[in-house]
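Enquirer: Show me the folded form of this:
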Amino acid sequence: MGACAACGRRGARVGPRGGGAGGLGEAGWAAARAGGAGAWREALERCAAGGLEGAGAGAGAGGLRARVWPALLGLHAPAAPGPEVAALREGVARRLGELGAALGGEGEGLLEESDRAARAAALFAAGEGCGGGPAAAAGAAWAATKRRVGGDVPRTEPGAPFLEAAGGAQRARLGRLLKLYALQDPGVGYCQGMGDLLAALLRVWPEDDAGAFWVFGALIGRLRGQFSEGAPDVAPQLARAAELAGGQDRALLRALRARDALACPFLFQPVLLLLRRELSLPETLSFWERYFALQSLHPGRDLRAALGAALLRHYREDILALPRGSGPGDLTDLVRLFHHLPRPVDLDLLARDLREFLAADAPGHTERGGGGGPAGGGRGRECSSGSQEPTGRITLESHRGRREGQRGAT
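Expert: Residues are numbered from 1 along each chain as shown. Next comes the predicted model:
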């Protein structure tokens, strides 16, 4: 893999995707469970570098992912005994039953439809951010949420064999669990894109609603700011991505500035959904476990700016090769590039760059000029994106009026 002639940085490699770094396997997981904090940190380091390895990372209750991810996402201690983990899962299953009694379903006969709707609206209104408003307003908010879920689920991974098999049983399961989660967490409710995340998790827990729901809740918990109304905390992170990458690569910085693109709105989808729409399912799961392992190694740190910077570096040559747009502010080619990646993602390389940019973004870190070779340079004022206001284009269609009737009706 050669260095870039312009800046001395590594070029994005085409070839094996994520197979080079040693990840966490069955033996490492067993050692982490038997050891103390040091053993768990070593396991996290291995997972952050290479994900989970071996056939045991497949689907099903016994798969390595199904056993590691709850600990990886902080749902229980890695050394927690089996009965303790089982008790936690049973609590999730009981809560699902409570929510399901309000939601109801075909043939369940738990409640009359009008009673189910009233109970669901009451649950929804009592949740965070809903203020316990009038019954009519709560009912309208809940009805709007159900409509959004019902409209988006058929568009999630259209034609995917897993979701379409057995008369679409898994797709129906996806819609039901999304509605149950909206009842559980009305402060977030439902936002387009959440279905993409949950659909991936259903492959790891194909017959286990409690397992999928448990981990999905933890996943959204870590991404909560991204699914709050308007995702206001995303824009500063995307702009910071340009500062980080541009601080080490002046040619890339100039290319982004020439297009008035320092706010990086074209990175919104891949960063918001952690590359779910850009990667295959196996790549997605491998990337997610690296990302969350790294997050666990650096609690309290926001990885999104570092992820955006790593993506800018990964596709640097493609950005520089883009034809001139119609003028400043024309981001069409950049949006197309990052929504339809022109080359495979090298997960090992992306993970290393993510760690490097996370270190560069650490509080108190001083980035030295020329970090990217002869054409490098410190970010200084030249890299500042503060003068460029984030545009409305950073939002996916999911964030345009996604709470119509949900907040406005209360």
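
Enquirer: what's the nearest residue to residue 312 if we skip its chain neighbours?
Expert: If the residues on either side of it in the chain are set aside, residue 312 comes closest to residue 245, at 4.0 Å by Cβ to Cβ, 6 or more residues apart in numbering. C-betas here are computed from N, CA, C, even on glycine.

Enquirer: Contact partners for the one you found?
Expert: When the contact criterion is Cβ atoms under 8 Å, 6 or more residues apart in numbering, the partners of residue 245 are 252, 253, 308, 309, 312, 313, 316, 357.

Enquirer: and of those residues, the nearest to residue 208?
Expert: Each of the contacts of residue 245 was scored against residue 208 by Cβ to Cβ, and residue 308 proved nearest at 33.6 Å.

Enquirer: Now that closest one. Nearest residue, chain neighbours left out?
Expert: On the basis of Cβ to Cβ, 6+ apart, the spatially nearest residue to residue 308 that is not a chain neighbour turns out to be residue 241, at 2.8 Å.

Enquirer: So what's the residue count around that neighbour?
Expert: When neighbours are defined as other Cβ atoms under 10 Å, residue 241 has 29 of them.

Enquirer: Please settle this for me: is it part of a helix?
Expert: Yes: Residue 241 forms part of a helix when assessed by DSSP: H, G, I helix; E, B strand; the rest coil.

Enquirer: Against residue 52, how distant is the closest residue to residue 190 other than its chain neighbours?
Expert: Here the nearest residue to residue 190 in space, its sequence neighbours aside, is residue 182; by Cβ to Cβ, 6+ apart that works out to 4.6 Å. Going from residue 182 to residue 52 by Cβ to Cβ, to the nearest Å gives 30 Å.

Enquirer: before we move on, the earlier item: among the contacts of residue 245, who's most crowded?
Expert: Sorting those by how many neighbours each has (other Cβ under 10 Å) puts residue 309 first, at 32 neighbours.

Enquirer: elements contacting the helix or strand hosting that one?
Expert: Take DSSP states H and E as the rule and residue 309 turns out to sit in helix 304-314. Here helix 304-314 touches helix 234-246, helix 250-258, helix 268-272, helix 347-360, going by 3 or more Cβ pairs under 8 Å, 6 or more residues apart in numbering; DSSP states H and E.

Enquirer: So which of the ones you listed is nearest residue 152?
Expert: For the helices and strands packed on helix 304-314, proximity to residue 152 was assessed by Cβ to Cβ; helix 268-272 is nearest, at 14.7 Å.

Enquirer: Which secondary structure element comes immediately after the closest one toward the C-terminus?
Expert: Next along the chain after helix 268-272, taking DSSP H and E as the criterion, comes helix 281-297.

Enquirer: mind listing what's buried in that following helix?
Expert: Of the residues in helix 281-297, those buried by neighbour count under the rule 16 or more other Cβ atoms under 10 Å are 283-296.

Enquirer: Between those, which sits nearest residue 84?
Expert: Distances from residue 84 to the buried residues of helix 281-297, taken as Cβ to Cβ, are shortest for residue 296 (19.4 Å).

Enquirer: Excluding chain neighbours, what is closest to that closest one?
Expert: With Cβ to Cβ, 6+ apart as the criterion, residue 296 has its nearest non-adjacent residue at 5.4 Å, and that residue is residue 44.

Enquirer: Quick check: which element contains the one you found?
Expert: If you go by DSSP H and E, residue 44 is part of helix 37-50.

Enquirer: Counting by contacts, list what that helix packs against.
Expert: In terms of contacts (3+ Cβ pairs under 8 Å, 6+ apart), helix 37-50 is packed against helix 26-34, helix 64-72, helix 281-297, helix 347-360.
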